[in-house]
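A.B. asks: okay, sequence plus prediction incoming.
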Amino acid sequence: MSALLSVTDAHVAYGKVEAVRAVSLDVAENEIVTIIGANGAGKTTLLNAVMGILPLKGRAALAGEDLAPLEIEDRVASGLSLVPEHRELFAAMNVEDNLELGAFRAAKGQSKNSFERVYTLFPRLKERRKQLAGTLSGGEQQMLAMGRALMGAPKLLMLDEPSLGLAPIIVADIFRTIGELRASGVSVLLVEQNAQAALKIADRAYVMELGEFILSGQAADIAANARVAASYLGFTHEGESRI
Ligand code: ATP
């Protein structure tokens, strides 16, 4: 299977400090891939570099096209989208106007389809379309941030900590929607500290520690790994020794 996103030997630094070192990953079409890891492991840094917010040394390509020469908005036009960790909505604008901003490159007709698609995925946003983003609940704000990213009709959606600060019932809702996205043909690269939820929904996973990937594989195998269980899932598998 050819990769939709392919990152090879990526390094990302803040000044002299390398926050991401020699990382390679790929995401195939119709795949959900998760990167799990503790606070400060470098997950956000990696996503930001793939999006073009931070400089990436190494190679990142989308559907075979080298991303290096592309500005952020050209990456969006190529089918890449990022929902940032802190959602970055325009609090004083309503739901509809926030969504419209996500469609800034789309033709009029396409933007109408995108609204319909987002409102089908998140009926709550349709109900609240005239409400100011700043007055939405945390869960609704996450839905809006995802909806805005989807307005550009991405092939690959990168989600940075979508569960952050949300109640478990809302997290379940968001994760169910991520599954629906894949079913509709969007691939997902999911960064999460909620490893349990992420490994349940993902096809494959990478485990990141101190800027490097220390393990990768099928999500079910990663979830069954003794070290992952002890470090990230909060339990040890019976009869297994930690590695
Ligand atoms: P979190 O879930 O807390 O965001 P993370 O895995 O996404 O964790 P990053 O935010 O990518 O980790 O941080 C990776 C490393 O880079 C950390 O050591 C962090 O302190 C450092 N770092 C992050 N942002 C900056 C910055 N703007 N300037 C300098 N160092 C930074």
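C.D. replies: Now that the structure is in, tell me what you want to look at.

A.B. asks: the chain: helices as residue ranges?
C.D. replies: Counting by DSSP state H, the chain has helices at residues 43-51, 72-78, 95-102, 108-121, 123-127, 138-150, 168-183, 195-201, 219-224, 226-228.

A.B. asks: what comes up buried for the second one?
C.D. replies: Yep, that's helix 72-78 we're talking about. Arg75, Val76 (16 or more other Cβ atoms under 10 Å). Heads up, the C-betas are built off the backbone N, CA and C, glycines and all.

A.B. asks: now the protein, which segments are flagged as low pLDDT?
C.D. replies: Low-confidence segments of the chain (pLDDT under 70): 1, 104-110, 234-243.

A.B. asks: need the residues of it near the ligand, please.
C.D. replies: Proximity of the chain to the ligand (Cβ under 6 Å from any ligand atom) is limited to residues Tyr14, Ala19, Gly37, Asn39, Gly40, Ala41, Gly42, Lys43, Thr44, Thr45, Glu85, Gln193.

A.B. asks: what residues go with each domain of the protein?
C.D. replies: 1-79+159-238, 86-153 (automatic domain parsing).

A.B. asks: how near is the residue nearest to the spatial centre of the chain to Ile170?
C.D. replies: The chain has Leu159 as the residue nearest its centroid, 1.8 Å off, counting by Cα atoms, centre = their mean. According to Cβ to Cβ, to the nearest Å, Leu159 and Ile170 sit 14 Å apart.

A.B. asks: again with Leu80
C.D. replies: 26 Å.

A.B. asks: neighbour count: the two, which is higher?
C.D. replies: Leu80 (27 against 18; other Cβ atoms under 10 Å).

A.B. asks: surely Ser143 touches Phe122?
C.D. replies: Careful, residue 143 is Met and not Ser. Yes: counting by Cβ atoms under 8 Å, Met143 touches Phe122, with 4.5 Å between them.

A.B. asks: overlap in contacts, the two.
C.D. replies: Thr177 (Cβ atoms under 8 Å, 6 or more residues apart in numbering).

A.B. asks: more crowded one of the two?
C.D. replies: More neighbours surround Met143 than the other of Met143 and Phe122, with 26 against 23 (other Cβ under 10 Å).

A.B. asks: list the contacts for the more buried one?
C.D. replies: The neighbourhood of Met143, defined by Cβ under 8 Å, 6+ apart, consists of Phe122, Arg124, Leu125, Ile174, Thr177.

A.B. asks: tally of neighbours for the second one?
C.D. replies: Around Arg124 there are 18 other residues, counting by other Cβ under 10 Å.

A.B. asks: Phe126 and Pro69, how far apart?
C.D. replies: You called it Phe, but residue 126 is Lys. Counting by Cβ to Cβ, the gap from Lys126 to Pro69 is 38 Å.
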